[in-house]
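Student: Provide a 3D model corresponding to the input given below.
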Amino acid sequence: MSAAGADLRGALRRYWGYEEFRPLQERIVGSILAGRDVCVIMPTGGGKSLCYQLPAALQPGKTAVVVSPLIALMQDQAAQLAQMGIPAAVLNSAQPAGEQAAVRRQVREGKCRLLYISPERLARADTLDWLGAVPLSLFVIDEVHCISEWGHEFRPEYRQLGALRQRFPAIPIAAFTASATRRVRHDILEQLQLHDPDRVIASFHRANLRYVVRECTAARQPALLRRALQHHLRAPGSVIVYAPTIQRVEETAAQLTAAGIPALPYHGKMDNDTRRRHQERWMEDETRVLVGTLAFGLGINKPGVRAVIHLAMPKSIEQYYQEAGRAGRDGAPADCLLLWQKRDAGLLAHFAEQTEDAAERERAWQRYHQIRNFVSTAVCRHRQICTHFGERWSKPTCEACDVCGYKAQYLEAAGGPAAAVARPRRKAVAPSAPVPATDGTGLLERLKVWRRETAREMKVPAYIVLHDTTLEAICHCPPHSLAELRQITGFGDRKLELYGEKVLAVLKEHGTLH
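Tutor: Predicted coordinates for the structure are as follows:
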């Protein structure tokens, strides 16, 4: 291993507590550190954020400006970095003037490795002016497909980011997205004026995902949804249900809860505190089913999602791929179930036809025909997705979709009462009260109680303290010292300093340590 490679792995271990990079991460980090522009297309769960956070962390006295579309996502990312010992900040219009001034001062003084900012804010002349006096390491454009009119989530404010190249010609630009067709990729390169970028395109084939598409009637859909949930809630893990409107989200969550399957709604019209509380309860598996609109899912790093269920036809293959891809981030098998109705197609066609701009109407109709073919054509779902994004597909069968023989038998079963498989909500236990248990499951519950209390004290989401996978690793092979705890994935230097002794105290209290 080269000295540079050893340094990168050392930083990976020190900050993230990981021993190895995921595929393509080290190449991307190396390109950014070499000052190259990069354009990265990497599926959900591939570890995109680390690819720019690590090089930013390794450039002291400089700041990476990260453009992100959601305030809540920016705040979570900054909090997560702070927990790892990497100084980061957020700048948005919701902050008091004094707080905004303090952030700008920190950035000017080179005390912030990453600054998260919205595309609207970055496009402002005053923002560009003060950034001109800041020592910058790079610009990061997240969800960069939003810059293209051919993308499924075009946002006009992203178009203005093309000005960054003229204003800051020497600063590298790193563009990231989970879903972009060949046409969108070309548009990204042109709009951002990337110079000889390292183009990194990961495979769009998610082999562990099992795609099942089922046409149904409005009367039949609720029963199919309940059957799917009854099946998946028999084992550990959680489920995301996507509904097309806020009203459907509220109705579906209420109907499931009334049927004995506790479910939480999540949508953009909720107040921030309620939305965050619902997200936290779902992340903690207090309530294992979350019913959301498109507002839910961006930046959510939950590995154990065993199913993503759509209750309407998405408006594009890109949208479906991005949302369905939130299942199975741990690499274990997961179901992506699409329950569509004929009226969905009619509604999408109506919206396409009502689009006033002629060019956008053409693009809307193109997206409509693509998703319509996806749900109604008897061609391997994995093949259709991969070829849509320009990836060659040569396998005769995927064996992981309904077209290629995968049967979601639970949709045909009679299904027992939902209450028999729903978990009751746990009562919070004070950190000082021992939880009697003799196995790993009891220890996991105890660690989650500690994590929840710690997160409340620190005013951060629980998963930012420690991920479920880290807690599970502790239970699988309980450490007996800080040195042993340091070997567990997810414990970097800062987290060991913050939580090491406390975790060992929980293990001792539980009877694991003597």
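Student: quick one: the strands in the stretch 251-400 of the chain?
Tutor: Counting by DSSP state E, counting those that start in this stretch, the stretch 251-400 of the chain has these strands, from start to end: 263-266, 289-292, 305-310, 334-340.
Student: quick one, which of those strands is packed in tightest?
Tutor: Greatest average neighbour count among the strands of the stretch 251-400 of the chain goes to strand 289-292 (a mean of 26), per mean count of other C-beta atoms under 10 Å. No exception for glycine: its C-beta is placed from N, CA and C like everyone else's.
Student: export that one as CSV, just CAs?
Tutor: This file holds the C-alpha atoms of strand 289-292, laid out as CSV (Å, rounded to 0.1, in the frame of the first residue of the first chain):
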residue,chain,number,x,y,z
VAL,A,289,-43.5,1.4,9.7
LEU,A,290,-43.3,4.9,8.4
VAL,A,291,-45.7,6.2,5.7
GLY,A,292,-44.2,9.1,3.9
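Student: Give the rounded mean pLDDT of that strand.
Tutor: Average pLDDT, strand 289-292: 96.
Student: Repeat that for stretch 442-456.
Tutor: 92.
Student: rewinding a little: can you redo the strands of the stretch 251-400 of the chain as CSV with distance to Tyr321?
Tutor: Below are the strands of the stretch 251-400 of the chain laid out as CSV (distance: least, C-beta to C-beta, whole Å):
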stretch, distance to Tyr321
strand 263-266, 20
strand 289-292, 17
strand 305-310, 11
strand 334-340, 9
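Student: Looking at those, which is nearest to Arg159?
Tutor: Checking the strands of the stretch 251-400 of the chain against Arg159 by C-beta to C-beta gives strand 289-292 as the closest, at 28.0 Å.
Student: Ile300 - nearest residue in space that isn't next to it in sequence?
Tutor: Arg326 (6.6 Å; C-beta to C-beta, 6 or more residues apart in numbering).
Student: got a list of what that neighbour touches?
Tutor: Contacts for Arg326 (C-beta atoms under 8 Å, 6 or more residues apart in numbering) come out as 44-45, 240, 297, 300, 302, 305, 308.
Student: Among those, list the two that are farthest apart in space.
Tutor: Top of the distance list for those (C-beta to C-beta): Gly45 and Ile240, 13.4 Å.
Student: With neighbour numbers in mind, choose between the two.
Tutor: It is Ile240, of Gly45 and Ile240, that has more neighbours when counted by other C-beta atoms under 10 Å, with 24 against 20.
Student: so how far is His467 from the more buried one?
Tutor: Applying C-beta to C-beta, to the nearest Å, the value for Ile240 to His467 is 18 Å.
Student: My guess is Cys51 contacts Gly30. True?
Tutor: No: using C-beta atoms under 8 Å, Cys51 makes no contact with Gly30, being 10.1 Å away.
Student: Can you tell me the element the closest residue to Asp402 other than its chain neighbours falls in?
Tutor: In space, and not counting its chain neighbours, Asp402 is closest to Val212: 4.6 Å by C-beta to C-beta, 6+ apart. Element membership for Val212 (DSSP states H and E) is strand 209-215.
Student: Report the backbone C-alpha coordinates of that strand in PDB.
Tutor: This file holds the C-alpha atoms of strand 209-215, laid out as PDB (Å, rounded to 0.1, in the frame of the first residue of the first chain):
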ATOM      1  CA  LEU A 209     -33.300  -6.000  -4.000                       C
ATOM      2  CA  ARG A 210     -36.300  -8.000  -5.100                       C
ATOM      3  CA  TYR A 211     -38.600  -6.000  -7.300                       C
ATOM      4  CA  VAL A 212     -42.300  -6.900  -7.300                       C
ATOM      5  CA  VAL A 213     -44.800  -4.900  -9.400                       C
ATOM      6  CA  ARG A 214     -48.500  -5.600  -8.900                       C
ATOM      7  CA  GLU A 215     -51.500  -3.900 -10.600                       C
END
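Student: That'll do, ta.
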